[in-house]
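> fold the following, please.
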Amino acid sequence: MRYQDLVKLFRVLAGRKRLEILSLLADGRERSVGSIAEAIKLSLKSTSKHLLLLAQVDLLEYRRQKNVVWYRAVEHEPSFLRPVMHKVRSAR
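Reported below is the predicted structural model:
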């Protein structure tokens, strides 16, 4: 991984709402953008932007089903992130 990729990853992880999203999706269940937005008390538009950033750094996977986008956490995050993700999961 290049330095610029690490910088982007850590910037994404620095956002409170993005950490809330990761914590919410840590159970492995798939959720729609609307249900995520409701859970973290944020607009659909803002939530979608946060989800996109998390997907761009390969922390989330998504699929489209008609007009609904479903997100879930990746099964295997990079090994160097495991301690960080453990903290995120336990911070609920």
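
> just checking the distance from stretch 65-73 to the centre of its chain.
13 Å (Cα atoms, centre = their mean, to the nearest Å).

> gap between the helix or strand of the chain with the lowest mean pLDDT and the chain center?
Across the helices and strands of the chain, the lowest-confidence element by mean pLDDT, DSSP states H and E is helix 82-90, at a mean of 81. On the basis of Cα atoms, centre = their mean, helix 82-90 sits 13 Å off its chain's mean C-alpha point.

> report the angle between the one helix or strand Tyr71 maps to and helix 82-90.
Assigned by DSSP states H and E, Tyr71 belongs to strand 68-73. Angle between the axes of strand 68-73 and helix 82-90 is 120 degrees (criterion: axes from the mean of the first three to the mean of the last three Cα atoms, to 10 degrees).

> pull the CA atoms of strand 68-73 into CSV?
Once non-C-alpha atoms are left out, strand 68-73 reads as follows in CSV (Å, rounded to 0.1, in the frame of the first residue of the first chain):
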residue,chain,number,x,y,z
VAL,A,68,-32.1,0.6,-3.1
VAL,A,69,-28.4,0.3,-2.3
TRP,A,70,-27.4,-2.2,0.4
TYR,A,71,-24.1,-2.0,2.3
ARG,A,72,-22.2,-4.4,4.5
ALA,A,73,-18.7,-4.5,6.1
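
> ok so, going back, buried residues of the least confident helix or strand of the chain, list them for me.
For helix 82-90, burial by neighbour count (16 or more other Cβ atoms under 10 Å) applies to Val84, Met85, Val88. Quick note: C-beta positions are derived from backbone N, CA and C, even for glycine.

> and that helix, what other elements does it pack with?
helix 16-24 (3 or more Cβ pairs under 8 Å, 6 or more residues apart in numbering; DSSP states H and E).
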